[in-house]
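J.: please find the sequence and the predicted model below.
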Amino acid sequence: MSGRLPLSVLPIILEHDCPVLLWRELLTLTTFLYIVGALTKFYGTSDNKSGVYATVGFIFLFQGAYSFGWTPLAYLYPPEILNYQIRTFGMGLNTFTIFGSGIIFVFTTPFMLEALGCKTYIMNASWNFALLAFIWFFWVETKGKTLEEIDEIIEGVKYSDAPNVQLVEQGKVDLEISELFPARAPAHGGSQETPQEHGLNPNRA
């Protein structure tokens, strides 16, 4: 798994729009699940080797698509949208939810397959449409944005006077390094810098 993880992050690094990436991933995963469900119905208990091999092949394709889409984003996206005050708690809750739900599905899926058969895959595939709607309405793109910009998008409040990264890159805002990091006071004597001098809210940390 450690060797696969760096490769799974590449699509996120190269992709400029996480919601679009997830849309593609979900549509791919949904298609694979429907195909696996159909193949399981016709070849699940069949002696047709071609049908059985095709079923196993699409299961591996599904797992590959999942590993290159959802697996890295489950750990990379949450810290990009959680502000400083709730990041530790939020990431702990995120990890607990991932592993907790994983344990539940590991123990319940065999019973679902025994009771529902191929319908198990159809149900999971259909659930993805609800996820697609959720991503479309609630997910925000984080690439190229600071945490303060993301706060402004989600909460409507920006907790810093620092200019937006995109405006700086487009040359619409002139920014000098000295504006963000003025010279520090001497080690002995002199005035001490305050967070307000950098346009920061000390209560936000």
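T.: Structure's in. What do you need?

J.: alpha carbons only for contacts and neighbour counts from here, please
T.: OK.

J.: against which helices or strands is the helix or strand hosting Tyr75 packed?
T.: Per DSSP states H and E: Tyr75 is located in helix 49-76. In terms of contacts (3 or more CA pairs under 8 Å, 6 or more residues apart in numbering; DSSP states H and E), helix 49-76 is packed against helix 4-14, helix 18-43.

J.: one more time with 6 Å
T.: helix 18-43 (3 or more CA pairs under 6 Å, 6 or more residues apart in numbering; DSSP states H and E).

J.: what helices or strands is the helix it packs on leaning on?
T.: With contacts taken as 3+ CA pairs under 6 Å, 6+ apart, helix 18-43 sits against helix 49-76, helix 119-138.

J.: want to throw those helices into a markdown table with distance to Lys158 and mean neighbour count?
T.: Below are the helices and strands packed on helix 18-43 laid out as a markdown table (distance: least, CA to CA, whole Å; neighbours: other CA atoms under 10 Å):
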| stretch | distance to Lys158 | mean neighbour count |
| --- | --- | --- |
| helix 49-76 | 22 | 16 |
| helix 119-138 | 19 | 15 |
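
J.: let me know the angle separating the helix holding Tyr75 from helix 18-43.
T.: 150 degrees (axes from the mean of the first three to the mean of the last three CA atoms, to 10 degrees).

J.: need phi/psi at Gly144.
T.: phi 80, psi 10 (degrees, to the nearest 10).

J.: what's the burial count for it?
T.: 12 (other CA atoms under 10 Å).

J.: give me the buried positions along the top helix by length along the chain.
T.: Selection of the longest helix in the chain by residue count, based on DSSP state H, yields helix 87-116. Within helix 87-116, the residues that qualify as buried are Gly90, Asn94, counting by 16 or more other CA atoms under 10 Å.

J.: would you turn the helices and strands packed on helix 18-43 into JSON lines with mean pLDDT?
T.: Formatted as JSON lines, the helices and strands packed on helix 18-43 follow (pLDDT from 0 to 100):
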{"stretch": "helix 49-76", "mean pLDDT": "87"}
{"stretch": "helix 119-138", "mean pLDDT": "87"}
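
J.: to Leu27, which of these lies closest?
T.: Relative to Leu27, the nearest member of the helices and strands packed on helix 18-43 by CA to CA is helix 119-138, separated by 8.1 Å.

J.: and the angle from the next helix or strand after the closest one to helix 119-138?
T.: For helix 119-138, the following helix or strand on the C-terminal side (DSSP H and E) is helix 147-155. Angle, helix 147-155 to helix 119-138, by the same axes, to 10 degrees: 100 degrees.
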